[in-house]
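In: what would the 3D arrangement of this be:
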Amino acid sequence: MINQQIQVVTIAGHDCDGSAGMPADLHAFFADHVYGMGLLTATVSGNSYGIDAAQVMPPDFIEQQFRTLNADFKIKAAKTGMLANDDVINVVADQYLQVNFGPLVVDPVIITKHGNMLLKQSAYELFRKRIIPLATVITPNFFEAERMAEMRIHNKEDMLSAAKELQRLGAKNVVIKGQHNNPKQKGVYDLVLLSDGSHFLMDEPFINTLHVNGTGDTFSAIIAAELAKGNSVKDAVYTANIAVHSAITNGIEVGHKFGPINHWAAQSVLIGKKQH
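Out: Presented below is the predicted three-dimensional model:
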């Protein structure tokens, strides 16, 4: 039977070392037993030491990928990753409105987990205007949430205020990931604000490791995979949180410095959840 397998697409950049971006998304889709597709926006040359070069895809090529996938497949959910500049943001927003790729999970790759800006100001403003309103779920890290909500976050109450501001900008459901760059901290708190106005916190022990590449990608990818299966946003977020925590806790040694998380560990958790 045609297109019966659950299909999900990531609209993202490719990291050649496989640790983050599209490769991490595809690892996560596989771990969560959905068929993953990749719509390429950019590619980087990098390893565990850092990124040496980058190349952004031409807008007409990105547009053609949307058309090609939409002409054949029944994609039930999508997620975004790196949208590198104004042209990419515009073509992705335009094309997403023309195809039927299901709910959209936006992983706003605009600021690193260390607080470094990745987009130029014009692209950031365009992202805020055109991409956030498309989000069924948006999953900013701590610094991205501060920037997009245009406020400082000092406590859990501030996280909720920032999440409400992102809803005001158009995102239906918001997950703000807490800070996790202090080796002395004991836990990580994420705040979830759902479209019905309810909210809750998720907390996990802090794992002091350099092997966290692809954490945000994997988290948002599993949310997309779970939404494609027809699960609720609340259940999808919980599932993604559990799987990612296991992937960080049970590390693998790849590269000399900053390494990937363990998608095999995530897969074990997801398989166990399915069996129960």
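In: confirm Ala145 sits in a helix?
Out: Yes - Ala145: assigned to a helix according to DSSP: H, G, I helix; E, B strand; the rest coil.
In: pull the contacting residues for it.
Out: Counting by CB atoms under 8 Å, 6 or more residues apart in numbering, Ala145 touches Ile153, Met159, Ala162, Ala163, Leu166, Ile176, Lys177. Glycine gets a C-beta too; all of them are placed from N, C-alpha and C.
In: also Phe30?
Out: By CB under 8 Å, 6+ apart, the residues touching Phe30 are Gly36, His263, Gln267.
In: most neighbours among those, which one?
Out: His263 (26 neighbours; other CB atoms under 10 Å).
In: phi, psi of the residue nearest to that residue when sequence neighbours are not counted?
Out: Spatial nearest neighbour of His263, excluding adjacent residues (CB to CB, 6 or more residues apart in numbering): His27 at 4.1 Å. The phi and psi values for His27, taken as degrees, to the nearest 10, are phi -60, psi -40.
In: shaky segments in this protein?
Out: 114-115, 180-186, 274-276 (pLDDT under 70).
In: show me which helix runs longest in it.
Out: helix 233-249 (DSSP state H).
In: where do the helices sit along this structure?
Out: Listed in chain order, the helices found in the chain under DSSP H are 21-31, 59-70, 86-96, 121-126, 142-149, 156-168, 215-228, 233-249, 263-275.
In: pick the most buried one from those helices.
Out: Ranked by mean neighbour count, these are led by helix 215-228 with a mean of 28 (mean count of other CB atoms under 10 Å).
In: what helices and strands are in contact with that helix?
Out: Here helix 215-228 touches strand 7-15, helix 21-31, strand 75-80, strand 104-106, strand 137-138, helix 233-249, helix 263-275, going by 3 or more CB pairs under 8 Å, 6 or more residues apart in numbering; DSSP states H and E.
In: kindly reformat these as JSON lines containing distance to Glu63.
Out: Shown next, in JSON lines, are the helices and strands packed on helix 215-228 (distance: least, CB to CB, whole Å):
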{"stretch": "strand 7-15", "distance to Glu63": "12"}
{"stretch": "helix 21-31", "distance to Glu63": "18"}
{"stretch": "strand 75-80", "distance to Glu63": "15"}
{"stretch": "strand 104-106", "distance to Glu63": "17"}
{"stretch": "strand 137-138", "distance to Glu63": "23"}
{"stretch": "helix 233-249", "distance to Glu63": "29"}
{"stretch": "helix 263-275", "distance to Glu63": "30"}
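In: tell me, how many residues neighbour Asp190?
Out: 21.
In: look up how far Gly178 lies from the closest residue to Lys234 other than its chain neighbours.
Out: Distances taken as CB to CB, 6+ apart put Leu194 closest to Lys234, at 6.3 Å, once the chain neighbours are dropped. As defined by CB to CB, to the nearest Å, Leu194 lies at a distance of 18 Å from Gly178.
In: pull the distance from stretch 98-116 to the chain's centre.
Out: Between the centre of stretch 98-116 and the centre of its chain there are 6 Å (CA atoms, centre = their mean, to the nearest Å).
In: cool, and stretch 22-29?
Out: With CA atoms, centre = their mean, you get 10 Å for stretch 22-29.
In: so what touches it?
Out: Against stretch 22-29 from outside (CB under 8 Å, 6+ apart): 8, 10, 12-15, 18, 35-36, 38, 40, 79, 81, 213-214, 217-218, 220-222, 225, 243, 260-261, 263, 266.
In: can you do 6 Å?
Out: Here stretch 22-29 makes contact (CB atoms under 6 Å, 6 or more residues apart in numbering) with 8, 10, 12, 14-15, 36, 38, 214, 217-218, 221-222, 225, 263.
In: what does stretch 150-157 give?
Out: By CB under 6 Å, 6+ apart, the residues outside stretch 150-157 that reach it are Glu146, Met159, Ala162.
In: show me the contacts for the residue lying closest to Asp32 once chain neighbours are set aside.
Out: Leaving out its chain neighbours, the residue that sits closest to Asp32 by CB to CB, 6+ apart is Ala225, at 4.1 Å. If a contact means CB under 6 Å, 6+ apart, then Ala225 has Val8, Phe29, Asp32, Val34 as its contacts.
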